[in-house]
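**Q** Next come a sequence and a model predicted from it.
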Amino acid sequence: MLGKEKRQALLVLEDGTVYRGKAFAGQGEVLGEVVFNTGMTGYQEVLTDPSYKGQIVTMTYPLIGNTGINPEDMESDAIHLEGFIVREYQDYASNWRSRQDLKSFLESHGKLGVEGIDTRALTRRIRITGAMRGVLSTETADVETLLHRVRAYPGLVGRDLVKEVSCRAPYQWEGGTQCEWGRKIQDPRPDPIVRRRVVVLDC
């Protein structure tokens, strides 16, 4: 991210509250129900969880991105949430299973990721008032314009979200269930022949 200016981003809630940040992934404007998730990890599962369709998700844990993205932890084959808000984005993934960084993952699915917003204040407001409609935008800094748009947004009421995220036709699963390390833990009984010792070295 060094050497590249990040685009300014605004989050405007339906009650007129404004939060300012910068886009670390994608650009544009999205509308959705603003909610929060308190997980310390598992942001990949949040992104690909179909139950977040139509929502702008705020992560309360302050540093997101440090475990990257891997093909094993997908909840579905797409990102279903509308926008992703974090306090601080970490573009270096320190995880042996990582195959992609969070920024490129969001952009490959056409999603907007914003950092620098005061997620503690936002979470507290949502916790007190309940989930609200919001607009997340890098397109304009005109708060009144964004407020008009979010108040005109009908929200999730009446939408058939199950239909929107479900597969188009039934299919048969043939991939199996065996993971690469599963063979090692199939039999939990200890081998009486193998002697193991745990050595603690205090440095």
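**A** Looks like it arrived, so ask away.

**Q** what about this protein, any weak spots by pLDDT?
**A** Across the chain, the ranges flagged by pLDDT under 70 are 1-4, 178-196, 198, 201-203.

**Q** in it, which spans are helices?
**A** Defined through DSSP state H, the helices belonging to the chain, from first to last, are 43-48, 102-108, 119-129, 143-152, 161-165.

**Q** Just name the most buried of those.
**A** Comparing those by mean neighbour count (mean count of other Cβ atoms under 10 Å), helix 43-48 comes out on top with a mean of 20. (C-beta placed from N, C-alpha, C; glycine too.)

**Q** Give me the distance from that one to the chain's centre.
**A** Mean-position distance between helix 43-48 and its chain equals 5 Å (Cα atoms, centre = their mean, to the nearest Å).

**Q** contacting residues for the residue nearest to Leu102 when sequence neighbours are not counted?
**A** Take Leu102 and drop its neighbours on the chain: the residue closest to it by Cβ to Cβ, 6 or more residues apart in numbering is Gly65, 4.2 Å away. Contacts here follow Cβ atoms under 8 Å, 6 or more residues apart in numbering; on that basis Gly65 touches 43, 86, 89-91, 93, 101-103.

**Q** what do you get if the cut-off is 7 Å, keeping everything else the same?
**A** Contact criterion Cβ atoms under 7 Å, 6 or more residues apart in numbering gives 89-91, 93, 101-102 as the residues in contact with Gly65.
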